[in-house]
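Student: can't give you the sequence, but here's the structure:
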DNA sequence: GCGATTTATGATATCGCTAACACTGCTTTC
DNA sequence: GAAAGCAGTGTTAGCGATATCATAAATCGC
């Protein structure tokens, strides 16, 4: 920056101003400085800027895993919103573990991010404390059922479960199973199960099976889930899968085995992935606005950083049950 | 850090040592300092560290888009390797545009990353120059066909095209089409086409159609691609799709229309996605080691940063043609 | 036409850490 | 028993930017 200043015949302070608040500098000197910057290929050092100004223009994002399409698409949108505002995005994997999330928060805090976007509302006490002490804005996503620390952007997993229960019950089905992630890992899947369960209880019923798959899940696990359900109750009439990939592979497997969907077995997915309407029959599923979540979470962080919004906020997005052929 | 030092009764330098090179400090003072760190909830400031030591422990990753499964899985692995080495990962989207990549490189350089992982070998001149001047290690991925700046980790897209050509020709098929991304955007898809084309030319043939889809592609585009191929040549016998998602949706559409696969229409995908072996018939495809690419790219960056490797390197991973039912 | 503002620029003091060197006791070596 | 080596710790001087205040020049109101 000293070199640029010398070449432009100004002080470093003026160079700094041209770079971050050009409206304070006269047109003539601005042009001069910009020329010097270009000629010297000067690239500012953001660490020095952070040290002097205490704003990093970094947002930390913690998701369970980038391999899960949902989160990859969410992060994609987050980046699309934050990048134009010249924020960089730092990503970490919690692998569905609160402990790992805690460690990540701790290590991300060393970078003094201007915001955190977390997944879910379940965190360790230390994690909460660290975040609170740091004073960094936090947005929690994907969980509209529980209280958030400050801002939350999500949907009700519980409602999703109830909606699917409604659908199955409207067809008079009674032997209904659920396939999701491990109870101690996948809190949001649990909430979906609870919703389904509560709906069935209203009619004096209960799920005939609840299968817990190890995370992360692959499509193949859909067939495993199907088989485990049939092991527990061979007369099962309907299955709600916690992710479309599972449901699709189960549906294709039913086709292969000659099990008629939905007559013999009704299937419902969750997420509305790319291929959900390509199967035959097309997959009935719950459309989850994960890209909107990413967009709104990023916008909420920006609003908070720029002090446009001061109060805690809770944004709950509507879910849509897409009734297609499979249920 | 001053507070920690005071509380532990040492100098800040000793605190610094405990944090970054504890082997230089006696057990007794180390314990004392660690206690003070815990009690004060001290979190070091990485910007100050970077300013003083010129190492950021950041690796910048630029991919076309996180919405494409391939790149999401690659980045997933990159993070899994770099995080334990206490590097943070910064991600940007080029959206298949060299211009955008150039701008990203420029803005990432402000953070003084210790390494760059790029996608492909196609970059603007300025991008190359900036990277060269900065002296940051660069790994280029997914392109084993062209020369890299320094280290490359990828596979031959050209070879992939030839392999698929071999397969189709071994069945005596002559009317072969290709469906991929736009020629001016998707360089790696182009190389696959070139490989297929060169193989067909050996037998005096040429592709009957080359469909270019707008990026980013969704599964739905597979059906569009299929239709466009049939528009150009209704007698087409085989199609090579540049991504499994496209091929799967085309395959399911063929099932729906009563077109027999592979007898009337042979289909081959690329990538070996999760659902590729769940269809009926199962999808013949090229297995791409994208997770290995992520892992090796990250490892290569670490090796370079730690000066374990000094020479340019070119890692080319083998591809596997998975012959399943669809071709 | 003179004091009061406003606009544009500069000087100086940090921000929080680490590199480099200096120092203090010990132990080792022959 | 003196010289040399070593482990452990401290002192000092930056790293490259911005905040803050000071100053100079231009514009304003009446």
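Tutor: Sure thing, it's come through. This is a predicted model, so every value here is computed, not measured. Residues are numbered from 1 along each chain as shown, chains lettered A, B, ... in the order given.
Student: isn't residue A:41 right up against residue B:134?
Tutor: No - assessed by CB atoms under 8 Å, residue A:41 is found out of contact with residue B:134, at 9.6 Å. Quick note: C-beta positions are derived from backbone N, CA and C, even for glycine.
Student: Tell me which of the two has more neighbours.
Tutor: Shown here are residue A:41 and residue B:134; by other CB atoms under 10 Å in any protein chain shown, residue B:134 has more neighbours (17 against 13).
Student: Could you check the pLDDT of that one?
Tutor: Residue B:134 carries a pLDDT score of 94 in this model.
Student: Over to the one 4 residues further on?
Tutor: pLDDT, residue B:138: 97.
Student: where exactly do the helices run in chain A?
Tutor: A:2-8, A:12-20, A:27-40, A:46-53, A:69-82, A:98-109, A:125-134, A:157-170, A:187-202, A:221-232, A:244-257, A:290-305 (DSSP state H).
Student: mind putting the ones you listed in CSV, distance to DNA strand D included?
Tutor: As requested, those are arranged in CSV below (distance: least, CB to the nearest atom of the strand, whole Å):
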stretch, distance to DNA strand D
helix A:2-8, 7
helix A:12-20, 3
helix A:27-40, 10
helix A:46-53, 3
helix A:69-82, 19
helix A:98-109, 19
helix A:125-134, 19
helix A:157-170, 42
helix A:187-202, 40
helix A:221-232, 50
helix A:244-257, 46
helix A:290-305, 14
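Student: For residue B:85, which of the ones you listed is the nearest?
Tutor: Closest approach to residue B:85 among the helices of chain A (CB to CB): helix A:98-109, 11.7 Å.
Student: who's in contact with residue A:137?
Tutor: Residues near residue A:137 by CB atoms under 8 Å, 6 or more residues apart in numbering or on different chains: A:114-116, A:150-151, A:301, A:304-305.
Student: Kindly apply the preceding question to residue A:322 instead.
Tutor: Residue A:322 neighbours (CB under 8 Å, 6+ apart): A:272, A:276, A:284-287.
Student: Buried among the residues you listed? Need that as a selection in ChimeraX.
Tutor: A single ChimeraX command selects the buried members of the contacts of residue A:322 (16 or more other CB atoms under 10 Å in any protein chain shown):
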select /A:272,276,284,285,286
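Student: ok so, going back, which of the contacts of residue A:137 ranks first by neighbour count?
Tutor: residue A:301 (28 neighbours).
Student: Could you pick out the residues of the stretch 51-200 of chain A near DNA strand C for me?
Tutor: A:51-52 (CB under 7 Å from any atom of the strand).
Student: Show me where the stretch 51-200 of chain A dips below the pLDDT cut-off.
Tutor: For the stretch 51-200 of chain A, applying pLDDT under 70 flags no range at all.
Student: hmm, 90 instead?
Tutor: The stretch 51-200 of chain A contains residues with pLDDT under 90 at A:54.
Student: Spell out which residues of it are next to chain B.
Tutor: A:51, A:56, A:65-67, A:69, A:72-73, A:75-76, A:79-80, A:83, A:86, A:88-93, A:106-112, A:130, A:133-134 (CB under 8 Å from any CB of the partner chain).
Student: Could you turn the buried ones of those into a ChimeraX selection?
Tutor: A single ChimeraX command selects the buried members of those (16+ other CB under 10 Å):
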select /A:51,56,65,66,67,69,72,73,75,76,79,80,83,88,89,90,91,92,93,107,108,109,110,111,112,130,134
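Student: Test my guess that residue A:111 contacts residue B:86.
Tutor: No - Residue A:111 lies out of contact with residue B:86 (CB under 8 Å); the separation is 11.5 Å.
Student: Let's check: the centremost residue of chain A is which one?
Tutor: Most central in chain A under CA atoms, centre = their mean is residue A:71, positioned 4.6 Å from the mean C-alpha point.
Student: Now that one: closest residue in space, sequence neighbours ignored.
Tutor: With CB to CB, 6 or more residues apart in numbering or on different chains as the criterion, residue A:71 has its nearest non-adjacent residue at 4.0 Å, and that residue is residue A:63.
Student: Next, count neighbours for the one you found.
Tutor: Applying other CB under 10 Å, I find that residue A:63 has 25 neighbouring residues.
Student: Would you mind naming the residues that bridge with it?
Tutor: Here residue A:63 shows beta-bridge partners residue A:93, assigned using DSSP bridges.
Student: quick one: contacts for it?
Tutor: A:71, A:74-75, A:91-94, A:119.
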